[in-house]
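A.B. asks: Got a predicted structure plus its sequence, pasted below:
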Amino acid sequence: MDDIALSLLFALGVIAEGILLCWHKNIDFKRLKGVFILTILVTIVTMIVSLFRAPANAGLASFLFIFVLYFSAAFAFFFRDEILPVINEGTILSFTIVFWFVAIENFSYFCIPFLFLTLFATAGTLVLTFTKIKIGFYSSVFFYGWFLVMSLFIGIMQAAYALNSNSLSIFDAFILGMFFLYLVSHSLYISTIITIPRSYSWPPNLSKYVSKWKKNVRCFADRYANLQISLPVALLIIFGEIGAFILNYYYQFVPFYLMAAVVILVVPQFVGALGKSY
């Protein structure tokens, strides 16, 4: 298929995922309609402004990509309180495994120092999984931040796969669009951790700035549920996911992106139901 058709299906997948999230979270569809219209208007303005500066080969596919970025950002901003997911140690463990398989699959895109930095968060995930510690406010924020970083990483890699692949089917492009919104809309919340002062007074009120920062990131701590998964469940997640990815690599049952998508959607929901408060 040509780039325009694939970009259109990718954008339709993004819109479809937005509709599904609103339906699942009981969000008024009038608000979604408003976000859609706003995104269309902003995209048109961008097209007009960039009309004389766009590359010679820029076409509808490029502008559809701009629409996807604007829509994902607007969706994340206007529906933050409703769609920001509740996570637990099982979610972190599952996402971490997917993260490393995606990193290995796309190793040439990233430098080794970046991957070494993620080893610290991975080690923390394993400690959290195999101990019964109860984490506090800052630890909750850290693990939620790690979850958002993984979401952003996986989302970008899935989008890059869609843009660079020459063998995508209609189904592939549509599903990739759905998971792009699901992952990237969540990962955009990492900007909440970075509080930018709006006052230009000097000297800046540091205590007020810190207080506002704590208020902004408290939502992350509140969204982390102290649910402990048992050792058998943890081992099932580790060996089950690793085994599934390895078998799929050798036998090519389904495309890699589809395997990652299924794991991301199914496993965290499954382990969440098996978790125990502590």
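C.D. replies: Received the coordinates, thanks. Residues are numbered from 1 along each chain as shown.
A.B. asks: can we go C-alpha only for contacts and neighbour counts from here?
C.D. replies: Noted.
A.B. asks: low pLDDT regions in the protein?
C.D. replies: Within the chain, the segments meeting pLDDT under 70 span 1-2, 51-59, 108-112, 162-166, 191-206, 209, 268-278.
A.B. asks: Can you tell me the closest non-neighbouring residue to Tyr249?
C.D. replies: Once flanking residues are discounted, Tyr249 sits nearest to Phe256: 7.6 Å by CA to CA, 6 or more residues apart in numbering.
A.B. asks: just Phe71 next, same as before
C.D. replies: Using CA to CA, 6+ apart, the nearest residue to Phe71 is Thr39, at 5.6 Å.
A.B. asks: Against which helices or strands is the helix or strand where the one you found lies packed?
C.D. replies: Assigned by DSSP states H and E, Thr39 belongs to helix 29-49. Packing partners of helix 29-49 (3 or more CA pairs under 8 Å, 6 or more residues apart in numbering; DSSP states H and E): helix 3-24, helix 60-78.
A.B. asks: now that helix and helix 60-78, what's the angle there?
C.D. replies: Angle, helix 29-49 to helix 60-78, by axes from the mean of the first three to the mean of the last three CA atoms, to 10 degrees: 140 degrees.
A.B. asks: and Thr39, how many neighbours?
C.D. replies: Neighbours of Thr39 under the rule other CA atoms under 10 Å: 22.
A.B. asks: what about the helices in the protein?
C.D. replies: Ranges of helices within the chain are 3-24, 29-49, 60-78, 80-83, 89-105, 112-129, 137-164, 170-187, 206-223, 231-251, 256-274, based on DSSP state H.
A.B. asks: Next, the residues that contact the shortest one from outside, please.
C.D. replies: Helix 80-83 is touched from outside by 21, 25, 27, 186, 189, with contacts defined as CA atoms under 8 Å, 6 or more residues apart in numbering.
A.B. asks: Enumerate every residue touching the residue lying closest to Asp3 once chain neighbours are set aside.
C.D. replies: Spatially, and ignoring its direct neighbours in sequence, Asp3 is nearest to Ala61 (6.2 Å; CA to CA, 6+ apart). For Ala61, the contact set (CA under 8 Å, 6+ apart) comprises 3-4, 7-8.
A.B. asks: wait, Phe10 sits on Leu176?
C.D. replies: Yes - using CA atoms under 8 Å, Phe10 makes contact with Leu176 at a distance of 6.5 Å.
A.B. asks: and these two? which has more neighbours close in?
C.D. replies: Phe10 (29 against 25).
A.B. asks: Quick check: the closest residue to that one other than its chain neighbours vs Ile238, distance?
C.D. replies: Nearest-residue entry for Phe10: Gly177, 4.3 Å, with adjacent residues in sequence omitted and distances by CA to CA, 6+ apart. Distance, Gly177 to Ile238, by CA to CA, to the nearest Å: 27 Å.
A.B. asks: next one: Val141
C.D. replies: To Ile238, Val141 is 24 Å away according to CA to CA.
A.B. asks: and if you look at Met47?
C.D. replies: Met47 sits 46 Å away from Ile238, going by CA to CA.
A.B. asks: now do Lys212
C.D. replies: 38 Å.
A.B. asks: that older thread, any chance of TSV for the helices and strands packed on helix 29-49, columns distance to Thr131?
C.D. replies: Listed next are these as TSV, based on distance: least, CA to CA, whole Å:
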stretch	distance to Thr131
helix 3-24	33
helix 60-78	34
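A.B. asks: so how many other residues sit close to Thr118?
C.D. replies: 17.
A.B. asks: show me what contacts it?
C.D. replies: Neighbouring residues of Thr118 by CA under 8 Å, 6+ apart: there are none.
A.B. asks: re earlier: just give the number of residues close to the residue nearest to Phe10.
C.D. replies: For Gly177, using other CA under 10 Å, the count is 28.
A.B. asks: State the distance from it to Tyr251.
C.D. replies: 25 Å.
A.B. asks: Understood, closing this out.
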